[in-house]
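Q: Build the 3D model from these lines:
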Amino acid sequence: QVQLVESGGGLVQAGDSLRLSCAASGRTFSHYNMGWFRQAPGKEREFVAAISWSGADTYYSNSVKGRFTISRDNAKNTGYLQMNSLKPEDTAVYYCAATLFRYYNDWTLKSKYAYWGQGTQVTVSS
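A: Residues are numbered from 1 along each chain as shown. Sure, this is the predicted structure:
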């Protein structure tokens, strides 16, 4: 089992920045690739970004590429999502998740993730 707890969400204005954290416990976090997803009211949960277990490989959705940066610190068992130039359409509950699947195509799929956090709310006002 891997337990994941997100933090760092909040209410910000358009153009501001936030950094989300995902603290992991349980099985060795460094064995897992990590993803961030988000879900806006009335919409499906969608892929945002993912990072390999080593941190060497990252992958982003087109909607956040160039604005968001995913990273991790395995020594601290923590993953991060730095979000810059936030837009109202970024408003959602953000979830981190862990997967053992190795390929980019798998990382975009919710079904490939075995463990999920409870989510943190990000609200961006215009």
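Q: contacts, neighbours, all on C-alpha from now
A: Fine.
Q: in what helix or strand does the spatially most central residue of the chain lie?
A: In the chain, the residue lying closest to the centroid (C-alpha atoms, centre = their mean) is W36, at 2.1 Å. Assigned by DSSP states H and E, W36 falls within strand 33-39.
Q: Return the list of helices and strands in contact with the helix or strand just after that strand.
A: Next helix or strand after strand 33-39 toward the C-terminus (DSSP H and E): strand 46-51. Contacts defined by 3 or more C-alpha pairs under 8 Å, 6 or more residues apart in numbering; DSSP states H and E place strand 46-51 against strand 33-39, strand 58-60, strand 68-73.
Q: which secondary structure elements does the second one contact?
A: So that's strand 58-60. Applying 3+ C-alpha pairs under 8 Å, 6+ apart, one finds that strand 58-60 contacts strand 46-51.
Q: I would like the residues contacting the strand it packs on, please.
A: Contacts of strand 46-51 with the rest of the structure, by C-alpha atoms under 8 Å, 6 or more residues apart in numbering, involve 33-39, 57-61, 63-64, 70-72, 107-110.
Q: Next: stretch 63-78.
A: Stretch 63-78 is contacted from outside by 21-25, 29-30, 48-51, 55, 58, 79-86, using C-alpha under 8 Å, 6+ apart.
Q: pLDDT weak spots in this protein?
A: For the chain, applying pLDDT under 70 flags no range at all.
Q: Good, wrapping up.
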